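S.K.: Structural data only, the sequence is not supplied:
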Ligand SMILES: [Fe+2]
Ligand SMILES: [Zn+2]
């Protein structure tokens with residue numbers, strides 16, 4: 001398949017000249033746009049290299065990959081024992097979404113050329129093409145914000161959002177882009193379950209040590225600072241879970257106290273800034289874990305985790321974890337070398353100063369019937385202190401959580417009954 005046409009110098013041509021030249025030379029065009037090439041270690045597809053072993057594991061033929069399950073079916077899989085020293089031996093037909101390959105074990109199959117090939121035809125296609133990157137939390141698909149403009153602070157009318165599937169998905173994808181979504185004018189009789197599971201039709205809520213839905217109202221001697229009336233600085237929730245929930249739901253049922261404003265900040269542009277200005281400190285936050293703990297006496301709860309403030313997925317910022325009220329510097333000190341601790345505190349203090357910049361925050365005193373979804377891996381939330389001047393004044397909040405993929409299913413997956421098969425037959 002590798003063409004033997006002589007290479008042609010094109011470096012000095014303008015783009016317009018190049019296009020003209022190419023359209024007059026179809027053979028040349030074929031060489032330059034040849035999407036699949038053999039390389040030293042495997043094959044190159046549209047400029048991206050895949051290892052021989054990788055391609056064999058990517059086979060989407062009907063013997064290797066389940067048409068209905070979208071799982072590999074060439075089981076039991078024994079890795080290298082099945083394919084010792086596997087190599088691509090031939091490249092066959094290339095279509096828009098697939099590439100036919102033959103391997104040194106004589107297997108002939110087909111791999112996906114792009115993410116569409118990895119999923120199948122309509123109706124998943126349009127969803128995958130429009131929202132896949134967002135659901136994968138790709139930073140380039142997200143819209144980082146350093147000033148809360150009108151997109152960030154957009155107030156979504158609850159009855160409009162739950163009216164139909166398109167509206168709901170528009171709201172959820174807004175949330176995925178900005179890490180925050182504000183719903184207003186929620187009928188006062190609706191609770192968390194009705195709003196999320198019935199209205200937005202995403203379920204189930206994630207049950208944590210705070211139960212599926214937690215009612216937060218002022219308590220004296222609270223077993224969680226959240227139940228007090230003091231200020232809470234910017235934080236993510238549940239850092240003491242090894243896998244904290246991604247999505248935080250915050251429903252204001254009543255807010256007639258004095259003060260108690262909420263505010264939020266997008267930490268991702270701050271981390272990006274940190275990675276550019278002080279890559280050394282960024283590296284430390286990515287590699288040295290802090291200890292986080294929540295163990296209120298007499299509650300039967302003992303939650304502890306050890307995790308880094310910054311988590312990456314390749315080059316993408318995936319998550320930031322930080323809640324000063326739940327930090328366990330003692331355990332950290334007892335279990336981490338002095339040198340690492342010294343570096344960690346320097347990096348953390350530098351980062352935290354960037355986080356606590358009030359000019360970047362979105363601030364709002366939420367009213368009863370307002371509801372905020374925040375990306376708990378990205379947007380930190382906080383609260384100002386509040387007080388009462390009369391007995392009837394109340395601040396009642398209901399909170400709950402959800403895992404990212406539950407929401408992703410609502411955005412990407414088709415309703416039951418729609419077919420979603422591979423189109424390799426037509427390839
Ligand atoms: Fe919180
Ligand atoms: Zn196969």
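M.R.: Here it is on my side, so go on. As the structure is a prediction and not an experimental result, all values here were calculated from the model. Residues are numbered from 1 along each chain as shown. Ligands and ions are numbered 1, 2, ... in the order given.
S.K.: what's the average pLDDT for stretch 278-296?
M.R.: Stretch 278-296 carries an average pLDDT of 97.
S.K.: give me the number of residues near residue 404?
M.R.: Other residues lying near residue 404 total 17 when counted by other C-beta atoms under 10 Å. Heads up, the C-betas are built off the backbone N, CA and C, glycines and all.
S.K.: That one reaches residue 248, doesn't it?
M.R.: No: contact criterion C-beta atoms under 8 Å: residue 404 and residue 248 do not qualify, at 11.4 Å.
S.K.: quick one: the nearest residue to residue 45 once chain neighbours are set aside from residue 49, how far?
M.R.: Spatial nearest neighbour of residue 45, chain neighbours left out: residue 36 (5.4 Å); criterion: C-beta to C-beta, 6 or more residues apart in numbering. Residue 36 sits 11 Å away from residue 49 when distances are taken as C-beta to C-beta, to the nearest Å.
S.K.: Looking at the two now, which is surrounded by more residues?
M.R.: residue 36 (21 against 13).
S.K.: Check the spacing between that one and ligand 2 real quick.
M.R.: For residue 36, the distance to ligand 2 (C-beta to the ion, to the nearest Å) stands at 17 Å.
S.K.: Contact partners for that residue?
M.R.: Contacts for residue 36 (C-beta atoms under 8 Å, 6 or more residues apart in numbering) come out as 1, 43-45, 91, 94, 99.
S.K.: tell me the pLDDT at it?
M.R.: On pLDDT, residue 36 comes in at 94.
S.K.: go on, the one 5 residues further on?
M.R.: According to the model's per-residue confidence, residue 41 sits at a pLDDT of 95.
S.K.: Got the phi and psi for it?
M.R.: When read as degrees, to the nearest 10, the backbone of residue 41 gives phi -100, psi -10.
S.K.: that older thread, give me the common contacts of residue 36 and residue 49.
M.R.: Common contacts of residue 36 and residue 49 (C-beta under 8 Å, 6+ apart): residue 43.
S.K.: Domain ranges for the protein, per the record?
M.R.: Domain ranges of the chain: 35-114, 135-412, per automatic domain parsing.
S.K.: Report the buried members of the contacts of residue 36.
M.R.: The neighbour count (16 or more other C-beta atoms under 10 Å) marks 43-45, 91, 94, 99 as buried among those.
S.K.: Could you dump the residues you listed into JSON lines with secondary structure and distance to ligand 2 added?
M.R.: Compiled in JSON lines, these are given as follows (DSSP: H, G, I helix; E, B strand; the rest coil; distance: C-beta to the ion, whole Å):
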{"residue": "43", "secondary structure": "strand", "distance to ligand 2": "16"}
{"residue": "44", "secondary structure": "strand", "distance to ligand 2": "21"}
{"residue": "45", "secondary structure": "strand", "distance to ligand 2": "17"}
{"residue": "91", "secondary structure": "strand", "distance to ligand 2": "15"}
{"residue": "94", "secondary structure": "strand", "distance to ligand 2": "17"}
{"residue": "99", "secondary structure": "strand", "distance to ligand 2": "13"}
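S.K.: Tell me the one among those residues nearest to residue 337.
M.R.: Distance to residue 337 across the buried ones among the contacts of residue 36 (C-beta to C-beta) is lowest for residue 44, with 43.1 Å.
S.K.: Excluding residues flanking it in the chain, which one is nearest the closest one?
M.R.: Here the residue nearest residue 44, using C-beta to C-beta, 6+ apart, is residue 37, at 4.6 Å.
S.K.: same check, this time on residue 258
M.R.: Setting aside the residues directly before and after it, residue 258 is nearest to residue 387 in space (C-beta to C-beta, 6+ apart), at 5.4 Å.
S.K.: Tell me what residue 400 is bridged to.
M.R.: Counting by DSSP bridges, residue 400 is bridged to residue 249.
S.K.: wait, isn't it in contact with residue 197?
M.R.: No: the pair residue 400 / residue 197 is not scored as a contact, 9.9 Å apart, by C-beta under 8 Å.
S.K.: ok so, going back, quick one: the residue nearest to residue 45 from residue 47, how far?
M.R.: Per C-beta to C-beta, residue 36 is found 11 Å from residue 47.
S.K.: next structured bit after the biggest helix by length in the chain?
M.R.: Ordering each helix of the chain by length in residues (DSSP state H) puts helix 338-355 first. Later in the chain than helix 338-355, the nearest helix or strand by DSSP states H and E is strand 362-364.
S.K.: For the helix or strand that that next one is followed by, name the packing helices and strands.
M.R.: Sequence order places strand 370-375 as the next helix or strand after strand 362-364, per DSSP H and E. Counting by 3 or more C-beta pairs under 8 Å, 6 or more residues apart in numbering; DSSP states H and E, the packing neighbours recorded for strand 370-375 are helix 165-178, strand 180-184, strand 247-255, strand 262-266.
S.K.: Throw those into a markdown table and include distance to ligand 2, mean pLDDT and mean neighbour count, thanks.
M.R.: Formatted as a markdown table, the helices and strands packed on strand 370-375 follow (distance: least, C-beta to the ion, whole Å; pLDDT from 0 to 100; neighbours: other C-beta atoms under 10 Å):
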| stretch | distance to ligand 2 | mean pLDDT | mean neighbour count |
| --- | --- | --- | --- |
| helix 165-178 | 34 | 95 | 19 |
| strand 180-184 | 42 | 98 | 23 |
| strand 247-255 | 37 | 96 | 22 |
| strand 262-266 | 44 | 98 | 24 |
